[in-house]
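[1] prediction below, plus the sequence it came from.
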Amino acid sequence: MNPPAGRPGPEPRRPLRGLSDVRAFFHTNAAPLYFISPTPFNLLGIDRWVRNFFYLNYFDSFEGAHPRVFVPRRRDRRAFDSMGDVCNHLLGDPETLEFIARRGPGGKACFVMHDEETQALAERAGLDVIHPPVELLHRLDSKTVMTRLADEAGVPSVPYVIGHVGSYDELLVLAQTAGLGDDLVVQDAYGDAGSGTFFVRGERDWDQCAAELAAQQEVKVMKRIRNVEVCVEGTVTRHGTVIGPPMTSLVGYPELTPHKGAWCGNDIWREVLPPAQTHAAREMARKLGDVMSREGYRGYFEVDLLHDLDSDELYLGEVNPRLSGASPMTNLTTEAYADIPLFLFHLLEYMDVDYELDIDEINARWERGYGEDEVWGQVVISETSPDLELFTETPRTGVWRLEDDGRVAFARSANDWDTLLDESEAFYMRVVAPGDLRCEGAQLGVLFTRGHLQTDDYQLTERCQHWVKGIKAQFASAPLTPAAPIISRLVARA
């Protein structure tokens, strides 16, 4: 509607120029922004940077103590098959919808994972989904599709071949066409957190994953190498791709996960890779961001690179076109505090504001770093026992302290890791609560602390082992009765 004659309309918003403008813009943000997910894990702490940022969650990690976390009071005990199912449940919950409505129109929603139903439910709730279209996300989420796009972008992969395998003999024949040998890594297109990655060195290994892999239209078969996983996150913007710092992954530790090859945490520090390889890793992420941009993608993504310990080469592992379990680490680095967290570049793409930033300058500054950087680590603790029981006691969210004798004790309440003093303290965010099911693979909680969690030869440090053992000692459970309710707990590696 035009303004009345003789009265000027509202002045157009001027473009944001530089990071100071961007910081001020988010500190005065008026649009309600919602992270809708099982827990706040992936974006914990972003509310310190963005006004009117809320976490809409199903599982109450903070027992009502976090002012930006909303959890509906009426929560039927039920099982969820995926993170998307949890989001869809929340967007259909009357109490959650009332919370959204009270904060007025113009709200925007972000997720780790969502689907067409999530999109429709969000729109029905008056929310703008601040992610690329679901169809594009699904396409780029395929490991086989992204491997082919990486080839186009000049990003090398571990020697591989893609095809259908219906039997162990067919797997060997396919592998022989690329000279991969018989010690193989096989991935389905859409597995995550290591759930779709299988190590096959003989027919017995094949038999354990045959049903899942034979049902796939195509799989990626790779030569097995001796490697360490290095994670790099980025954001595709209209001005280029912003690249975060590299970090190593914790993978398959039996103290933390029952699944071989499953992600269970990260270490981040300045010397994750030597300077030349740091540059190479960042260039690989940039090239992948550029090819995703060509496909129409905008926003946050995560890249797993494989550092071959024998050849010292870097290879593509996989690309996750979304937030990931490494996102909390990326967003607590010195670069984030000196400039802005990487996730805020994602928000800028969807905030209906023009902005001007020199992405090349930001990337160069982040690659140089800000002197001696601090070391941080996180571990995702999952249940490793095959027994089925119900939790009767679980550790609470907050800051815990590691005593000299190796025991851990609750120190104080906290909403994130911002108040940690030194390596003797850790912030623990609970996932399971009393009354939840204790079952193999259930994620119990996430622990953030200063200092390394892995040794130079990629074993858990003694301090990390004390933390894990000490936190696990806080859990108690009782045998499952036939009438006991079952509930799933989900934290996103994605």
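    The structure has been received and is ready for your questions.
[2] low-confidence ranges in the protein?
    Along the chain, the parts satisfying pLDDT under 70 run over 1-12, 76-78, 192-195, 334-335, 371-373, 482-494.
[3] show me what counts as buried in the longest helix belonging to it.
    The longest helix of the chain (DSSP state H) is helix 275-294. The neighbour-count check on helix 275-294 (16 or more other Cβ atoms under 10 Å) flags 277-278, 281-289, 291-292 as buried. (Each C-beta comes from the backbone N, C-alpha and C, glycine too.)
[4] got it, and stretch 252-265?
    252-253, 256-257, 259, 261-265.
[5] ok, now stretch 174-185?
    In stretch 174-185, counting by 16+ other Cβ under 10 Å, buried: 174-175, 180, 184-185.
[6] ends of that stretch, how far apart?
    13 Å (Cα to Cα, to the nearest Å).
[7] check contacts around the nearest residue to residue 131 once chain neighbours are set aside.
    Nearest residue to residue 131 in three dimensions, chain neighbours excluded: residue 299, at 6.1 Å (Cβ to Cβ, 6 or more residues apart in numbering). Neighbouring residues of residue 299 by Cβ atoms under 8 Å, 6 or more residues apart in numbering: 130-132, 235-236, 321, 346, 349-350.
[8] which of the buried residues of helix 275-294 lies closest to residue 379?
    For these, the minimum distance to residue 379 (Cβ to Cβ) is 22.8 Å, reached by residue 281.
[9] need the buried residues of helix 275-294 in CSV (columns: distance to residue 409).
    Output for those, formatted as CSV (distance: Cβ to Cβ, whole Å):
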residue, distance to residue 409
277, 40
278, 38
281, 39
282, 40
283, 45
284, 43
285, 40
286, 45
287, 47
288, 44
289, 44
291, 49
292, 46
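[10] for residue 112, state which of those residues is nearest.
    residue 292 (17.4 Å).
[11] please report the distance of the closest one from residue 286.
    11 Å (Cβ to Cβ, to the nearest Å).
[12] equivalent analysis for residue 295, please.
    For residue 295, the distance to residue 286 - Cβ to Cβ - is 15 Å.
[13] rewinding a little: packing partners for the longest helix of the chain?
    Judged by 3 or more Cβ pairs under 8 Å, 6 or more residues apart in numbering; DSSP states H and E, helix 275-294 is in contact with helix 143-153, strand 227-237, strand 240-243, strand 299-308, strand 314-320, helix 359-368.
[14] what lies in contact with stretch 307-317?
    146-147, 150, 155-158, 225-230, 273, 277, 280-281, 284, 288, 303-306.
[15] so how far is it off the chain centroid?
    22 Å (Cα atoms, centre = their mean, to the nearest Å).
[16] in it, what counts as buried?
    Quick answer for stretch 307-317 (16+ other Cβ under 10 Å): 307, 314-317.
[17] and the residue positioned nearest the centre of the chain, backbone torsions?
    Geometric centre of the chain, nearest residue: residue 324, 1.5 Å, by Cα atoms, centre = their mean. For residue 324, the backbone dihedrals (degrees, to the nearest 10) come out as phi -140, psi 180.
[18] what's the closest non-adjacent residue to it?
    residue 302 (3.9 Å).
[19] residues in a beta bridge with the one you found, which ones?
    residue 233, residue 320 (DSSP bridges).
[20] before we move on, the earlier item: report the two of the buried residues of stretch 307-317 separated the most.
    For the buried residues of stretch 307-317, and using Cβ to Cβ, no pair is farther apart than 307 and 316, which are 11.6 Å apart.
[21] strands of the stretch 301-450 of the chain, start to end?
    Along the stretch 301-450 of the chain, the stretches classed as strands by DSSP state E, counting those that start in this stretch are 314-320, 355-356, 376-382, 389-393, 398-402, 408-412, 425-430, 437-438, 443-450.
[22] now for those strands, which one comes closest to residue 366?
    Using Cβ to Cβ, the strands of the stretch 301-450 of the chain put strand 376-382 closest to residue 366, at 15.9 Å.
[23] residue ranges of each domain in the chain, please.
    Annotated domains of the chain cover 16-130, 160-223, 226-368, 376-479 [automatic domain parsing].
[24] most packed of those?
    Highest mean neighbour count among the domains of the chain (mean count of other Cβ atoms under 10 Å): domain 226-368, with a mean of 20.
[25] what about it, start to end distance?
    29 Å.
[26] now do stretch 61-73
    Where stretch 61-73 begins and where it ends lie 13 Å apart, using Cα to Cα.
[27] which other residues reach it?
    39-41, 47, 53-60, 90, 93, 95-96, 99, 396-397, 413, 415, 429-431.
[28] in helices, which of these fall?
    Using DSSP H, the contacts of stretch 61-73 in helices are 90, 95-96, 99.
[29] let's have those residues in TSV, adding distance to residue 374.
    What follows is the ones in helices among the contacts of stretch 61-73, written out as TSV (distance: Cβ to Cβ, whole Å):
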residue	distance to residue 374
90	35
95	40
96	37
99	36
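[30] residue 455: which of those is nearest?
    residue 90 (40.6 Å).
[31] so the closest one is in contact with residue 55, correct?
    No: taking contacts as Cβ atoms under 8 Å, residue 90 lies outside contact range of residue 55: 10.8 Å.
[32] how close does the closest residue to residue 307 other than its chain neighbours get to residue 16?
    Of all residues not flanking residue 307 in the chain, residue 228 sits nearest, at 4.8 Å (Cβ to Cβ, 6+ apart). Computed as Cβ to Cβ, the residue 228 to residue 16 distance reads 39 Å.
[33] try residue 170
    55 Å.
[34] now do residue 354
    7 Å.
[35] check residue 117 too.
    34 Å.
[36] which phi and psi values does residue 383 adopt?
    phi -70, psi 130.
[37] residue contacts, it?
    258, 438-444.
[38] in space, what's closest to residue 185 - neighbours in sequence excluded?
    residue 222 (4.5 Å).
[39] what of residue 345?
    In space, residue 345 is closest to residue 235, 4.1 Å off (Cβ to Cβ, 6+ apart).
[40] am I right that that neighbour is in contact with residue 350?
    No: applying Cβ under 8 Å as the test, residue 235 and residue 350 come out as separate, 11.3 Å apart.
[41] who's residue 426 bridged to?
    Beta-bridge partners of residue 426, as defined by DSSP bridges: residue 400, residue 449.
[42] for it, give its distance to residue 379.
    Applying Cβ to Cβ to residue 426 and residue 379 gives a distance of 9 Å.
[43] what do these two both touch?
    447, 467.
[44] ok so, going back, what about the residue nearest to residue 185, which SS state?
    Put simply, residue 222 is strand when judged by DSSP: H, G, I helix; E, B strand; the rest coil.
[45] against residue 174, how distant is it?
    11 Å.
[46] and for residue 134, the neighbour number?
    15 (other Cβ atoms under 10 Å).
[47] pretty sure it is touching residue 117, no?
    No: in this structure, residue 134 is not within contact of residue 117 by Cβ under 8 Å, at 9.5 Å.
[48] correct me if wrong: residue 382 contacts residue 445.
    No: counting by Cβ under 8 Å, residue 382 stays clear of residue 445, with 9.4 Å between them.
[49] what's the spacing between residue 397 and residue 423?
    20 Å.
[50] pretty sure residue 237 is touching residue 298, no?
    Yes: with contact defined as Cβ under 8 Å, residue 237 and residue 298 form a contacting pair (7.0 Å).
[51] okay, and the common contacts of these two?
    With Cβ under 8 Å, 6+ apart, residue 237 and residue 298 have common neighbours residue 349.
[52] what about stretch 251-265, start to end distance?
    7 Å.
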